[in-house]
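Asker: quick one: sequence plus predicted model below, questions after.
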Number of protein chains: 2
Amino acid sequence: MAKNVYKFGNGQAEGRADMRNLLGGKGANLAEMNLIGVPVPPGFTITTDVCTVYTKEGRDAALKLISDEVKDAVAHIEELTGTKFGDKNNPCLVSVRSGARASMPGMMDTILNLGLNDMAVEGMSKKTGNNRFGWDSYRRFIQMYGDVVMDLKPKNKEDIDPFEEIIEAMKEEKGIEQDTEFTIDDLKVLVLRFKEAIKKETGKEFPTDPWEQLWGAITAVFDSWMNDRAILYRRLNNIPEEWGTAVNVQAMVFGNMGDNSATGVAFTRDAATGENLFNGEYLINAQGEDVVAGTRTPQQITKEGSLRWAKLQGISEEERASKYPSLEESMPAAYKELDETQHKLEQHYHDMQDLEFTIQEGKLWLLQTRNGKRTGAAMVTIAMDMLKAGEIDEETAILRLEPNKLDELLHPIFDTKALEQATVIAKGLPASPGAATGQVVFFADEAEKFENSVLVRIETSPEDLEGMNVARGILTARGGMTSHAAVVARGMGKCCVSGTGGIKIDYKTRSFVANGKVYKEGDWISLNGTTGEVYDGKVVTKTPDLSGDFGYIMELSDKYTRMHVRTNADTPKDAQVARNFGAQGIGLCRTEHMFFEGERIKAMREMILASDVEGRKKGLDKLLPYQREDFEGIFEAMAGYGVTVRLLDPPLHEFVPHQQATQKELAKEMGVDIDVIRSKVAELEEFNPMLGHRGCRLGNTYPEITEMQARAIIEAAMNLKAKGIDARPEIMVPLVGTLKELKLQADLINETAEKVFQEKGDRIDYKVGTMIEVPRAALTAAEIAEVAEFFSFGTNDLTQMTFGYSRDDAGKFLPIYIKKGILKHDPFQVLDQEGVGQLVDMATKRGRGTNPKLKVGICGEHGGEPSSVEFCNSVGLDYVSCSPYRVPIARLAAAQANLKQGKA
Amino acid sequence: MAKNVYKFGNGQAEGRADMRNLLGGKGANLAEMNLIGVPVPPGFTITTDVCTVYTKEGRDAALKLISDEVKDAVAHIEELTGTKFGDKNNPCLVSVRSGARASMPGMMDTILNLGLNDMAVEGMSKKTGNNRFGWDSYRRFIQMYGDVVMDLKPKNKEDIDPFEEIIEAMKEEKGIEQDTEFTIDDLKVLVLRFKEAIKKETGKEFPTDPWEQLWGAITAVFDSWMNDRAILYRRLNNIPEEWGTAVNVQAMVFGNMGDNSATGVAFTRDAATGENLFNGEYLINAQGEDVVAGTRTPQQITKEGSLRWAKLQGISEEERASKYPSLEESMPAAYKELDETQHKLEQHYHDMQDLEFTIQEGKLWLLQTRNGKRTGAAMVTIAMDMLKAGEIDEETAILRLEPNKLDELLHPIFDTKALEQATVIAKGLPASPGAATGQVVFFADEAEKFENSVLVRIETSPEDLEGMNVARGILTARGGMTSHAAVVARGMGKCCVSGTGGIKIDYKTRSFVANGKVYKEGDWISLNGTTGEVYDGKVVTKTPDLSGDFGYIMELSDKYTRMHVRTNADTPKDAQVARNFGAQGIGLCRTEHMFFEGERIKAMREMILASDVEGRKKGLDKLLPYQREDFEGIFEAMAGYGVTVRLLDPPLHEFVPHQQATQKELAKEMGVDIDVIRSKVAELEEFNPMLGHRGCRLGNTYPEITEMQARAIIEAAMNLKAKGIDARPEIMVPLVGTLKELKLQADLINETAEKVFQEKGDRIDYKVGTMIEVPRAALTAAEIAEVAEFFSFGTNDLTQMTFGYSRDDAGKFLPIYIKKGILKHDPFQVLDQEGVGQLVDMATKRGRGTNPKLKVGICGEHGGEPSSVEFCNSVGLDYVSCSPYRVPIARLAAAQANLKQGKA
């Protein structure tokens, strides 16, 4: 029979760090810490397999499966702690926490002080000699359990918590302001009222049997795996539902047993910058939740950190030393042990660690260690520092980086000059670096109201996740560097300023006051996540400088990669940006964008609206010099590398004027009646333009268009050759579905090229190939490769046609499909390997079967998405092509893919 | 080295009937006729392979290949006929004709009297003792050769032939009216003027060297394989370009050597009705082209035929016997030999033969025999008669039938009562049976002007082919039963009345006069192709009775078939029609059409425009009883057979009102502002509705719709069960692309069914399956078959998505694609076996791999197209489903497919 419960404690453990899939990250590390001699409260972990049973077969099946093992494991805790579950003298109290394979901060619910009831509270008081502490713990437990397990929550977002409501009422009755002013009897009354409220609102009694409490809490953890927040987080982070969560049950330790107790979180290096500096926050006489919740201002762990913090906050050394001393100063012994432990842990795990600890009456306990979340910049710095220090090797360094996070390093920061003129209206903590400009919103579910929004909250909670993802930046009034807002924003690579005490938020009027000015919903503000400054209005941004470490990573990536990375670029400027980011060629140069500027669109319209070939040729003759000039610029920017130019693709309807005024103007210019224009525009209209007269269907029905474009490409390349510049055109025929479609276009291109060669008395090399974006092209790739010299997968259209989804219309059902789990990802973002990928694989194999020299790449937007890049590597593509800013991401992803594949 | 030229003559031949692919139909049969003792002028056949060389490698390569063999073969003709090529005493004259593998009437060009020049014409005159005959033949040859080989043709459709222009001018000069009045000197002048015209217009001399003439003629035959008419005919008749044509060169025989000479065409049975009656037409003292061209009124071959003809034409027996005697009467000996020959040929070929013969000075020569074209009715009658007579077996009878031609038997004929009241305005020959009603057009290229057109021509020519195909019927003023119009119309199964002398056509004014009334372009007339009557205005049509032979064929088909045939029907009436045609179930019952009538559309709109689930449910509750009632009717009509009901498929936008007035009305009825309606309608609009929010995407986003439909289906079936009627619902989820899409819908259907079963206290059997119409569904069929109990290929949408063609928009490029040979067929008419078929095959195999019991069918329009049905059989489908009128065609095609596959 499989083992479902793994015990640990007292330097021993049944699990190990590498059992992460089974025990979750937290459980595996709790076991591992025991094994390497780090002090951890004893406990046990229920495996993720049990969660799967729970989800599939239900509560009874799951609980039956673990019943005996859990009883044995509780006995193990009792034995090691010398306590007894529900005992009126020495009760055994436990925490129950979730812990999935991947870290999901704030997503899963936690229960503390489980085991307390009317009898045990007395035992606790007796044992600690602190009656008040016992009753306060008890009311906290009921409050937490009532919320999380018994689901007594506020009904509307503006409502306050039902338990807080009771507390507020009690304060009013008593005429007091602080929780700490409650007497023991007040707390006893609160316990009663809490229980009554639970009974009244949920119809159920608060369970007094610790075992019943325990089963309820375990069930709640499993349930929370399927709650909306968890589902959303998994979706945003590509975590499969099948993984499930483990449940960790551990003996309680108390950071709130007086001034020789404390609790805190710490990072072995700086999670924002990557600096090799132990740092973190703690609170004296507090429980773990107090630190994360951000309701009290936490203190720094190291003295150095504390000094820096005070400076940032403008707090005097006197005030700091008296009111906010560091742990290093206030509890030097515990600090020393913590510092030794953090070194031990980082050396053991070879990565930056995020720790949770509690000091109970001077004794240090580690409650959790995990690889710390970090910003993109910190990710790069830490990996490179560790590589340089010889702590990890090159392959490990590459594989440890999250390609998508490089994005944070590439995007605009504030323009320094603009910043100098900007008015600072408030200052908070630099919780997550970057720059953000947007319009103020106050509720997460309204973040979509504006194209660029900044979410302004007193504090954030897991419910706000989706809105945080939508917003450009997050500003909170409360909470430290480890508050929910800060942790989540860093994970998202989103700019965040937290703990900004200087702003006063009023949700009711949807406004906040800062620097004496009222900011209403919709007003513009800007955030600097790197300094913590908040500015009035919009502040101009600029391109960031790329640090040396970044360059080093790119170098390493190229060393370990097999695939090339090209870019999708339609202008010399974009081509240059991409080249600076390391693009080796252009995988997709769309020609249609070139037709929209000034005189070009006129000539284009003249061509489209002509009634015969001669008329079209006249328009095309005017377009030729523009096209040639465009291509010269792009070829020059990519000199020495292949440039894949796609022939005209979109339906002609996109180019003609739809407004009456513009039609009138055009008619006048062309010397025809407006009705001629109007009827031609109407004629071009299509029911399903995506599946209409476009792509090579244009080139095959109006060959003169292809002829003009081929001529412009070849002439441009030859003009550059004459100047000694190495242009390498690759002419791509779009939307091919049959061999003959490509053949006719290729013949025309080759004939045109020959003509140009004869005219110029010279030759150049060029290639002719095709997009594979119609399912039929993939199915008949063996034939198409008879003519094509290269394939480029246009996975945007291929996804549209393989799924039968119009990208422009899918917004009506895709979000619902993802919510219902019909699709794991938006297939336009993450390549559907099972369906679309099957066609990619098939076409590559079949195409190469005919033409072993066939060059194969991808130029859909998937070319810059790491999991899709990995797939492209696995099916043997020669290159991926993506937008300029995704090039570094693709380079890293390609290297990782190659390394992973080598290992597999 | 391969043999390229096959000689025949004098009872011997190098070829055989079964060498059709190499020698073409005509060449193979010329050889075969020699072998079975039928008198055939000696000659030789150049193979189709040479045509392929000609097309691919050009004229020089082809002529070089055959040069020696042709010289040898000409010597063979000279030897057998005792003549000499170009000889001034006894010249060898030959005909040059094309002959492809499949018969292509009127499509390929023919040259007669080749070998004549200024010297040979004297020899011919000497030999025949007829100077006038020699010079008349010479001018005919120059005229024909000048037209066909040297391409001197009228430039515009209203122009007259340049040679005819010269003849007319000559007649005017001489003050004569008939060709026959020309003197020998006149003919000599004509020859000179013809040659001058050729030199002037083409810049080339008319060739005097017979060898040069021969090579030119052979080249012209090969060229004509690629002319527009040939390409069009091949397209209409699915003949591959690769087949090529053979060239037949034969010694000339003359039907125009005086009154003991004649030429004619004959059918061993009646090509219109199938009656076992030798029949045909001939002309005394004429060349073959005179009969086909319809410029003289031909006479009947048999006396019986002649009597019938005279009666139809209202000609007295006296006039008939003197002016139009039958061959049987005028040349009894030659007739006897012809009759014996036709019997011999039919018995040899076991099929109705279409003969061409010439009688030269009393001696019979056969110039051609081939399986005769026939109407659908004749096809059925002849095959069944031959089967009953034991001349062919059942399999041969089935395989001989062309499934598409059954269509002619199924379509409406004139309603007898309407016919009684109709005014006959003219009477012609019943050239091709059936009924047609349409608006008059006079030029073939304008036949598309009206939805229903009747093409009215003095006579038709191959140039008119496309227009004839578009028109509902064809009416000609001239030409017999074997005129171009008649032969082509029968081949097309199109109603045709030919040789209608009573109408006077004026192309210039675009009108004709009949019965004293002027009919202009656009006026309505009706044709009865079975009687030859022409009616004024529209005449009501009715469904035909199906003859006993038809039923027998269906019985035979079922005996030899493997696949079932179902129908696509949305109403009880259609279901009944299809059942009468032998449909075994419904393969596609679309539910959306049911929503448009009266109150239903109101409820439907209420549902669509509702703002929440509750609102939608209210609308759906109103629709439920209608749907249930519809299903009851359909299930009852198909009792005992499976009925596949497709859940709602089209985008909701199709149901809402788009006119302001209707929107206003609806707003009033629903008690909302018109803006509410307007904005909802706008919201539903899509860029690409084909790829939008439709199919199961509706059912998965609005599950309440699926629930209502599932309930209506199950309740209907149970209501019928209660009445003792065997309803077998199969619920089909449309547009599935992922397993989970189907799974969620199937779960909902099953839950709903269970609810209904509990409500009614009974159960029924039903199936849940899916359309395979999205490429991804085919690719992931192995998974989808985990849930689906059946697959039905929706090849309309599958074709749209696999090719990326919108059926509604493809009209802009599909015709050009077919013309350019990019596509062989319209893929919406003929299944694309290479691409779409690959997905059908793949999905069937993968689906059955998961679920061996999976039932698989096709319900796209391809289900009634014979070549597609054959494909479906080859990949192992269980059934095809098609529109009611295609059911008999599909049944026959399915049997043929099975027989062919068994033989393969």
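Answerer: Okay, I see it. Treat the numbers as computed from the prediction; the structure is a model and nothing was measured. Numbering: from 1, shown residues only, chains lettered A, B, ... in the order given.
Asker: doesn't residue A:567 lie inside a strand?
Answerer: Yes: remark: residue A:567 belongs to a strand, assigned using DSSP: H, G, I helix; E, B strand; the rest coil.
Asker: could you measure from the residue nearest to it when sequence neighbours are not counted over to chain B?
Answerer: Spatial nearest neighbour of residue A:567, chain neighbours left out: residue A:578 (3.4 Å); criterion: CB to CB, 6 or more residues apart in numbering or on different chains. (Each C-beta comes from the backbone N, C-alpha and C, glycine too.) According to CB to the nearest CB, to the nearest Å, residue A:578 stands 29 Å off from chain B.
Asker: what of residue A:679?
Answerer: According to CB to the nearest CB, residue A:679 stands 15 Å off from chain B.
Asker: next structured bit after the helix or strand hosting residue A:751?
Answerer: Taking DSSP states H and E as the definition, residue A:751 sits inside helix A:739-760. Sequence-wise, the next helix or strand downstream of helix A:739-760 (DSSP H and E) is strand A:767-772.
Asker: circling back to that earlier point, residues in contact with the helix or strand where the residue nearest to residue A:567 lies?
Answerer: Taking DSSP H and E as the criterion, residue A:578 maps to helix A:572-580. With contact meaning CB atoms under 8 Å, 6 or more residues apart in numbering or on different chains, helix A:572-580 is reached by A:567, A:569, A:583, A:586, A:633-634, A:636-638, A:643, A:883-885, A:887.
Asker: what angle do the following helix or strand past it and strand A:767-772 make?
Answerer: Next helix or strand after helix A:572-580 toward the C-terminus (DSSP H and E): strand A:586-590. Put simply, strand A:586-590 runs at 80 degrees to strand A:767-772, going by axes from the mean of the first three to the mean of the last three CA atoms, to 10 degrees.
Asker: for strand A:586-590, which outside residues touch it?
Answerer: A:566-570, A:575, A:578, A:634, A:638, A:641-646, A:649, A:732, A:792, A:794, A:857-859, A:863, A:879-882.
Asker: which of those fall within strands?
Answerer: Judged by DSSP state E, these include A:566-568, A:642-646, A:732, A:792, A:857-858, A:879-882 as members of strands.
Asker: looking at the residues you listed, which two lie furthest apart in space?
Answerer: Longest distance between any two of the ones in strands among the contacts of strand A:586-590 is 18.1 Å, between A:645 and A:880; criterion CB to CB.
Asker: out of those two, which sits in the busier spot?
Answerer: Between residue A:645 and residue A:880, residue A:880 has the larger neighbour count (other CB atoms under 10 Å in any protein chain shown), namely 32 against 26.
Asker: my guess is that one meets residue A:568, correct?
Answerer: No: at 10.3 Å, residue A:880 does not count as touching residue A:568 under the criterion of CB atoms under 8 Å.
Asker: give the intersection of the neighbour lists for those two.
Answerer: By CB under 8 Å, 6+ apart, the residues touching both residue A:880 and residue A:568 are A:587, A:863.
Asker: next one: the nearest residue to residue A:667 once chain neighbours are set aside from residue A:60, what distance?
Answerer: Spatial nearest neighbour of residue A:667, excluding adjacent residues (CB to CB, 6+ apart): residue A:674 at 4.2 Å. Residue A:674 sits 75 Å away from residue A:60, going by CB to CB, to the nearest Å.
Asker: neighbour-wise, which of these two wins?
Answerer: Counted by other CB under 10 Å, residue A:674 and residue A:60 do not tie: residue A:674 has more neighbours, with 14 against 9.
Asker: next, the distance between the ends of stretch A:882-889.
Answerer: One end of stretch A:882-889 to the other measures 9 Å (CA to CA, to the nearest Å).
Asker: over to stretch A:722-730?
Answerer: End-to-end distance of stretch A:722-730 (CA to CA): 19 Å.
Asker: all strands of the stretch 401-550 of chain A, in order?
Answerer: Using DSSP state E, counting those that start in this stretch, the strands of the stretch 401-550 of chain A run over A:413-414, A:424-427, A:429-432, A:435-441, A:453-457, A:473-476, A:495-498, A:504-506, A:511-514, A:517-520, A:524-528, A:533-536, A:541-542.
Asker: any idea how far chain B is from the nearest residue to residue A:461 once chain neighbours are set aside?
Answerer: Ranked by CB to CB, 6+ apart and with sequence neighbours excluded, the top spatial neighbour of residue A:461 is residue A:484, at 6.2 Å. For residue A:484, the distance to chain B equals 32 Å [CB to the nearest CB].
Asker: give me the neighbour count for residue A:484.
Answerer: 23.
Asker: just to revisit the earlier point, need the pLDDT of the residue nearest to residue A:667.
Answerer: pLDDT for residue A:674: 89.
Asker: so who does it touch?
Answerer: Contacts of residue A:674 by CB under 8 Å, 6+ apart are A:660, A:663, A:664, A:667.
Asker: if you rank the residues you listed by neighbours, which is first?
Answerer: Most surrounded of these: other CB under 10 Å gives residue A:663, at 20 neighbours.
Asker: where does the stretch 351-500 of chain A dip in pLDDT?
Answerer: By pLDDT under 70, the low-scoring segments of the stretch 351-500 of chain A are A:411-412, A:416, A:482, A:491-493.
Asker: who does the closest residue to residue A:531 other than its chain neighbours form a beta bridge with?
Answerer: Once flanking residues are discounted, residue A:531 sits nearest to residue A:430: 5.7 Å by CB to CB, 6+ apart. Taking DSSP bridges, one obtains residue A:497 as the residues bridged to residue A:430.
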